[in-house]
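K.L.:
Here's a sequence, model it:
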Amino acid sequence: MSALLSEEPRVELRRNFLASEELKALRILAEQEMFQDLSDPEGGSTNSPHVCGGEELSILNTSDPDIDSEDTESEWELLQSLLARSARALDPDAALNSAEASASVAFVAKWAPWRPNSALNRSGPLHLDARLQPKRRKTALMFLSGAGRDEDGATVFPCIETDDLDPKEAQRRRKLCSRAARHMQAAHEKLLAVRQRGLDLDPSKQYEFLEQHPELAGLAPEVEGVRPVNWLWLPGYDAVAEAAPLPLAADPLHLLAEKMCRNLAPGLRVRSKAGDALFMDILEPDSFKADWRLWHAGCSPLKGPRLTAQVFLSRSACDSHGGCGTRSAKS
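P.N.:
As a prediction, this is how the structure comes out:
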């Protein structure tokens, strides 16, 4: 059973997409491949280029030649089948391309419990799934834990319009979310301009220039000749955005996500239920631009841990089959 939560941008919830044996296989493989500690009091897993949210990450790469599958052969087979089924659900014409890492990998994140009296946020970093990975076009976010209760954690989308938003609030959020994206784009372009000034200098002066501009370390590595934008909105950016000159000034975006995680603000909030999966676009329709309406964040559970698995389809994997358009996924 599926429910279309948003038509554009497309966000579809598939109930019971994962079978019980697939859930079990993912949990076993995640423990076998071992979780990497991504803990950071301020940014959570912001140091990971793969996913955003959670304190630990396990990468399940079916094309890794060093996989020790002697005792878990059946689990790896289940994962490969799930990846192929996820690709077909994301786009009926897309087949799993084992040579494309982003289509043959599942990223399993583990979320620690959040305590209501804690000074930490319940919301993880707000982000767009195109961050640092501009080739990504579609994604499946699968819930490996929970029973659909508030205490199980959730994923919130503060920028998607829902029926419980009055017209004034919907308009406010459109401005808030689009301005946040423009703020990130402007900051990125400013860094690129500073970098270019350094490149134009005589090589003997470039090291001194780098010492004077440590902010250049925030630029992501090139991907096919392009420096991708790190579409990541941290709590501290709220104050910066409020103080920015128009038209970049914006209300606190992360605070809105935090309120949604605490069930204090309306909007699209999908609670974690083991077996359910969200299928989402990443880019604007018929475009290579990140869709700012898809800012989202994960919410920590009250009882844990919370487990999610994410799969991505990249542009090259989609285009090689003529797929990854905006059509509806089929059962």
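
K.L.:
how far away is the residue in the chain sticking out farthest from the centre from residue 144?
P.N.:
Relative to the centre of the chain, and counting by C-alpha atoms, centre = their mean, the farthest-placed residue is residue 204 at 40.4 Å. Taking C-beta to C-beta, to the nearest Å as the measure, residue 204 and residue 144 are separated by 54 Å. For glycine as for every other residue, the C-beta is placed from the backbone atoms N, C-alpha and C.

K.L.:
Using the record's domain definitions, break this protein down for me.
P.N.:
Following automatic domain parsing, the chain resolves into domains at 2-159+268-319, 167-243.

K.L.:
Could you tell me the least trusted of the ones you listed?
P.N.:
Among the domains of the chain, domain 2-159+268-319 carries the lowest mean pLDDT, a mean of 85.

K.L.:
can you give me the offset of that domain from its chain's centre?
P.N.:
Between the mean C-alpha location of domain 2-159+268-319 and the chain-wide mean there is a distance of 7 Å, by C-alpha atoms, centre = their mean, to the nearest Å.

K.L.:
Also stretch 206-215?
P.N.:
Between the centre of stretch 206-215 and the centre of its host chain there is 31 Å, according to C-alpha atoms, centre = their mean.

K.L.:
Assign the residue farthest from the centre of the chain to helix, strand or coil.
P.N.:
The three-state assignment at residue 204 reads helix, by DSSP: H, G, I helix; E, B strand; the rest coil.

K.L.:
Same check on the one 4 residues further on?
P.N.:
Going by three-state DSSP, the secondary structure assigned to residue 208 is helix.

K.L.:
ok, back up a step: what's the most buried one of the domains of the chain?
P.N.:
Among the domains of the chain, judged by mean count of other C-beta atoms under 10 Å, the one packed with the most neighbours on average is domain 2-159+268-319 (a mean of 19).

K.L.:
Run through the strands of the stretch 1-150 of the chain in chain order.
P.N.:
With DSSP state E, counting those that start in this stretch, the ranges of strands along the stretch 1-150 of the chain come out as 2-6, 11-14, 36-37, 56-61, 105-111, 126-127, 136-143.
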